[in-house]
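Undergrad: curious how this folds, go ahead:
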Amino acid sequence: MLAVRILAAVLVAAVSLAVDRLWLEDDAKRDTYGATIRTKEIDSEILDRTMDVKVVVPKGAPANDRSLVVFLHGRGENETSYLVDPMFEALNELKTRAPVMAFPDGGDASFWHDRDSGDWGAYVLDELIPMLVERFDIDPDKIAIGGISMGGFGAYDLARLQPDTFCAVAGHSPAIWENAGETADGAFDDADDFETNDIIAIAGRDPSPYEDMKVWLDAGDDDPFLDGDEAFEEALRENGVFPVVKHGDGGHDSDYWNGNWREYLGWYAHVLRKCGEQAEEVSESKPSGRGGASDRNGPSSPGARRDGNSGA
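TA: Below is the predicted model of the structure:
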């Protein structure tokens, strides 16, 4: 059964990521390749609690007008889950193109949307991102959001709520269900909550909230969420949005994700640079007011397989 496969995949991912995180007990032993890890505490009025976020500032990042990736974790994880060797290695390889990486805490099973346990989506959009932009000298035209599993779903869900905030969105093994009856316990409050955040149906709306964003989707060939991911991809394409789609060997686990950080971060760096260039062009042609990018469906990053007749 699909639900059993998904539960098993989530449990395997949680165990392997717990092992990966053991090094965090002694940060001094970890090679960050010159990147600085900063811990910020946000006294969230929206969630009525203090929230931690880990912010990684690469060695090669410029002093100002930086690009930003808000990266959302999966179920049962936290803000430290992806501070792993492959991420730091991939970030270092980008040199001056490397974005600032923000890893917020989203609770055990928030699925990053407003629900009974808290307004998690509003927290990210209205408190977290404005703080990051101000404190880390982020160019507001160069912000992407992405995530793994629960975080991949959350990235798509949040991007559609504020499409002007993000020039790019990515789901890595995103946890997407086709209907409320298939969902895992705790993913949504009830059927109404699922319907409100049904990103497959939302992707099929005209106009699509994703139409001005570059979009990425990847998953392992043995991922239990493939049916939902493919339904989301199909809805995007039917509405004129053509994502970069990549499939590779692997399942829903850290082995797959750790093997793909180079491609993930390479794509983010590529599209964020393009977003910034397009924003500058629009700004030059419109002396007053802030302009958006006129064509955000640019090419994929080197090495990524590009599907469809238009990049994303």
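
Undergrad: what bits of the stretch 1-150 of the chain have low per-residue confidence?
TA: Within the stretch 1-150 of the chain, the ranges that satisfy pLDDT under 70 run 1-29.

Undergrad: strands along the stretch 51-200 of the chain, start to end?
TA: Along the stretch 51-200 of the chain, counting by DSSP state E, counting those that start in this stretch, strands occupy 66-72, 100-104, 114-115, 118-119, 138-148, 168-172.

Undergrad: could you list the buried residues of stretch 206-222?
TA: 208, 209, 210, 212, 213, 214, 215, 216, 217, 218, 219, 220 (16 or more other Cβ atoms under 10 Å). For every residue, glycine as well, the C-beta is placed using N, CA and C.

Undergrad: how about stretch 261-281: buried residues?
TA: In stretch 261-281, counting by 16+ other Cβ under 10 Å, buried: 261-272, 274-276, 278-279.

Undergrad: any idea how far residue 240 is from residue 171?
TA: Distance of residue 240 to residue 171, computed by Cβ to Cβ, to the nearest Å: 19 Å.

Undergrad: more neighbours, these two?
TA: residue 171 (32 against 13; other Cβ atoms under 10 Å).

Undergrad: for the biggest helix by length in the chain, name the packing helices and strands.
TA: Determined from DSSP state H, the single longest helix within the chain is helix 261-285. Under the contact criterion of 3 or more Cβ pairs under 8 Å, 6 or more residues apart in numbering; DSSP states H and E, helix 261-285 touches strand 66-72, helix 85-93, strand 138-148, strand 168-172, strand 214-220.

Undergrad: quick one, helices of the chain?
TA: 2-20, 85-93, 120-123, 129-135, 150-161, 191-196, 199-203, 226-238, 254-258, 261-285.

Undergrad: nearest to residue 77, out of those helices?
TA: helix 2-20 (6.0 Å; Cβ to Cβ).

Undergrad: what's near enough to touch the spatially most central residue of the chain?
TA: Against the mean C-alpha coordinate of the chain, by Cα atoms, centre = their mean, the closest residue is residue 146 at 0.8 Å. Residue 146 makes contact with 69-72, 152, 155, 168-172, 216, 264, 268, according to Cβ atoms under 8 Å, 6 or more residues apart in numbering.

Undergrad: let me have these in TSV, extended by distance to residue 88.
TA: Shown next, in TSV, are those (distance: Cβ to Cβ, whole Å):
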residue	distance to residue 88
69	14
70	18
71	13
72	19
152	21
155	21
168	21
169	23
170	19
171	22
172	17
216	21
264	13
268	15
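
Undergrad: nearest to residue 196 among these?
TA: residue 155 (16.9 Å).

Undergrad: residue 73 versus the closest one, what's the distance?
TA: According to Cβ to Cβ, residue 155 stands 11 Å off from residue 73.

Undergrad: find the pair from the buried residues of stretch 206-222 with maximum spatial separation.
TA: 212 and 220 (29.1 Å).

Undergrad: need the winner for burial among the strands of the stretch 51-200 of the chain.
TA: strand 168-172 (a mean of 29; mean count of other Cβ atoms under 10 Å).

Undergrad: got a list of contacts for it?
TA: Under Cβ under 8 Å, 6+ apart, the answer for strand 168-172 is 144-149, 151-153, 155-156, 159, 210, 213-219, 229, 232, 257, 260, 264, 267-268, 271-272, 275, 296.

Undergrad: what mean pLDDT does it get?
TA: The pLDDT scores in strand 168-172 average 98.

Undergrad: tell me how far it lies from the chain's centre.
TA: Strand 168-172 sits 5 Å away from the centroid of its parent chain (Cα atoms, centre = their mean, to the nearest Å).

Undergrad: ok, now stretch 260-270?
TA: Worked out by Cα atoms, centre = their mean, stretch 260-270 lies 12 Å from the chain centre.

Undergrad: that one - what's its average pLDDT?
TA: Taken as a whole, stretch 260-270 carries a mean pLDDT of 98.

Undergrad: cool, stretch 180-198 as well?
TA: The average pLDDT for stretch 180-198 rounds to 98.

Undergrad: pull out the buried residues from it.
TA: 182, 183, 184, 187, 188, 193, 194, 197, 198.

Undergrad: before we move on, back to that, looking at residue 155 and residue 73, which has the bigger crowd around it?
TA: Comparing residue 155 with residue 73 by other Cβ under 10 Å, the one with more neighbours is residue 155, at 29 against 25.
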